[in-house]
Every structure is written in C-alpha cells, then in structure tokens.
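Visitor: quick one: sequence plus predicted model below, questions after.
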Amino acid sequence: MNGFASTARLVVVGGMTSYRALFNWTTPSMYIGTLFASPLFQLLFFVYVGRGLGVAGDEFLIVGNAVLSCSVAGIFGGTMAIANERRYGTLGTVLLSPRSRAAIFLGRGLPYVLNGALVSVTMLGAAALLLGWRTPVDRLPALVLTTLVGAIACTAFGLTLGSVGLRLRDIWLVTNITSALMLLLTGVIVPSGELPALLRAIGSVLPLTHSVAAARHITDGDGFGAAGPDLLIEVGIAVAYTLLAVVLLRVFETEARRRAVLDAM
C-alpha cells in the first residue's frame, strides 16, 4: 500500500509541479490566446465557410472542431512535458532519479488531459452562445466523456512525440505538422469516408478520429450504445500510444546514455 501511495503521489504531485515548471503558456494572455481563442476562431471560420459554400452543416463542423480543440493542450502539452526537460538542460537530473520513468512522465500528462477536456467543453458552450447550436441536455454527459477520452488519447500521442524529441533536434516541427494533419485526417472537416484509402488508414490510428465519430453519434441522437465502439477504439489508441511512449523513453534514454548526448540540442 505504501508503494502504491508513493507512486500515486509521484503521479499527481509530481505532475502538477512539472506542469507549473514546464508549461509554456504561463501568462493569462498566452493561456487564453493559445488554448481558447485560437480554437474558437478556427471553429467560427469553418462554420461560416461551410455556411457560405453550402457544404456540411453547422453541427457537423461544430462538433468536429470542438473535439479537435483538445488536441492543442494534449499534443503540445504532452510533448513539452518531456521535450522541455531536454530544452532547459534538466533532463539528466530527472533521469538520475530511481523512480519509475512511466510514473514520472505519465503523471505530467494529467494536467494536459484536464486542460484539453476543458477547452473542448468551452468550445461547445461558445458554439451554443455564438452560433445557436443546441443539443438535448441528456446527451451532454456522454459528450463530455467523449471529449475526455479524446484528450487522453491526444496527451498520450503528445508524450510519444516528446519521447521522440529525446532524439530529434527539432521535435516542434514534427508536432506542428502532425497537428495540421489531424485537421485533415480525423474527420473534423472532411468525412473520413471521403478520404483516399491511404489517408483514411492513417487517420484511423491518429487520436481523435474515433472520438469525433463518437461525438457525432451522440449529437445525432443515436445513443451512447452507437458511440461505444468508437470510444473503445479511442481508448485502445490511447493505451497503445502510452505504451509506445514508455518504450521509446527507455530506448532513447539508453541510447543517449551510451552516446553521451542526453542534453545535446
């Protein structure tokens, strides 16, 4: 029990402490501008373009962009939770710790999961306020759960990219490209079924593709049962990326120690 309590403390307290130390958006203007204003303007842009061109529909674009909005906190936050240790030259100190690497870095993902879910829920609220979007109240709990699962998957993906950042000189280039690809490949603005087979296959293993599909099942009134299979797949993707992040951390740490390039930029 003492071991479990110690690990839980490491995950929760350590995660929150590192969040304060490594979070790049520390000022209110940066936090609101990056995590809330940018996704909101993106949502409004695509809704008004859709209206002007007469394609898709408000709900299709609102739900897709609201779920996608959690990706900024999850992917970039998960990446900086690991990569910023190398950037600030403190990675060696962290890796000297005898504690579990998985507990240390997975705990760091928790604040970004909560951030991402908060952003998605805020975007849905903004759509209701600014665009007149409505959905029955009894669908909201399932919709919030869907955004939470999507935020977990995005954060796991971000941790994977952060692990790769132990080896690459500029992981932020990869992160920005990946973030842009998610807009195209996850069914947010283009239905996944209309993509070429290769792009559809890539999108199917990215986070949020199945969360977006589940959210649309819920808002279309199909019920949680129809959304369940997509949510289970999304959970599987989150678990897969989490395991991949842990494995990559171990591999790249071992390689960096062998070549003495732990903090090299």
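Guide: Sure, I can see it.
Visitor: tell me the contacts of residue 147?
Guide: By Cβ atoms under 8 Å, 6 or more residues apart in numbering, the contact set of residue 147 is 66, 67, 70, 116, 117, 120, 121, 211, 215. Just so you know, the C-beta spots here come from the backbone N, C-alpha and C atoms, and that holds for glycine as well.
Visitor: in TSV: those, plus neighbour count, secondary structure and distance to residue 109.
Guide: As requested, these are exported to TSV (neighbours: other Cβ atoms under 10 Å; DSSP: H, G, I helix; E, B strand; the rest coil; distance: Cβ to Cβ, whole Å):
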residue	neighbour count	secondary structure	distance to residue 109
66	29	helix	21
67	31	helix	18
70	33	helix	13
116	31	helix	10
117	22	helix	12
120	30	helix	16
121	18	helix	19
211	34	helix	16
215	28	helix	21
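Visitor: would you turn those into a markdown table with distance to residue 130 and pLDDT?
Guide: Below are the contacts of residue 147 laid out as a markdown table (distance: Cβ to Cβ, whole Å; pLDDT from 0 to 100):
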| residue | distance to residue 130 | pLDDT |
| --- | --- | --- |
| 66 | 12 | 94 |
| 67 | 18 | 94 |
| 70 | 19 | 92 |
| 116 | 21 | 91 |
| 117 | 20 | 93 |
| 120 | 16 | 94 |
| 121 | 15 | 93 |
| 211 | 23 | 95 |
| 215 | 19 | 95 |
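Visitor: from those residues, which is closest to residue 163?
Guide: Nearest to residue 163 out of the contacts of residue 147 is residue 116 (Cβ to Cβ; 18.9 Å).
Visitor: residues contacting that closest one?
Guide: Applying Cβ under 8 Å, 6+ apart, we find residue 116 in contact with 69, 70, 71, 72, 73, 74, 77, 147, 150, 151, 154, 155.
Visitor: can you pull the contacts of the fourth one?
Guide: Right, the one you point to is residue 72. Residues near residue 72 by Cβ under 8 Å, 6+ apart: 34, 35, 38, 39, 116, 119, 179.
Visitor: which outside residues touch stretch 163-178?
Guide: Residues outside stretch 163-178 that contact it (Cβ under 8 Å, 6+ apart): 75-76, 79, 82-83, 86, 91, 157-158, 161-162, 244-245, 248-249, 252-253, 255-256, 265.
Visitor: just the ones in helices from those, please.
Guide: If you go by DSSP state H, the contacts of stretch 163-178 have 79, 82-83, 86, 91, 157-158, 161-162, 244-245, 248-249, 252-253, 255-256 in helices.
Visitor: now, of those residues, which are buried?
Guide: Neighbour-count burial within the ones in helices among the contacts of stretch 163-178 applies to 79, 82-83, 86, 91, 157-158, 161-162, 244-245, 248-249, 252-253, 256; the criterion is 16 or more other Cβ atoms under 10 Å.
Visitor: quick one: which two of these are the most distant?
Guide: Greatest spatial distance in those: 157 and 256, 21.9 Å, computed using Cβ to Cβ.
Visitor: that's all I had, so thanks and see you.
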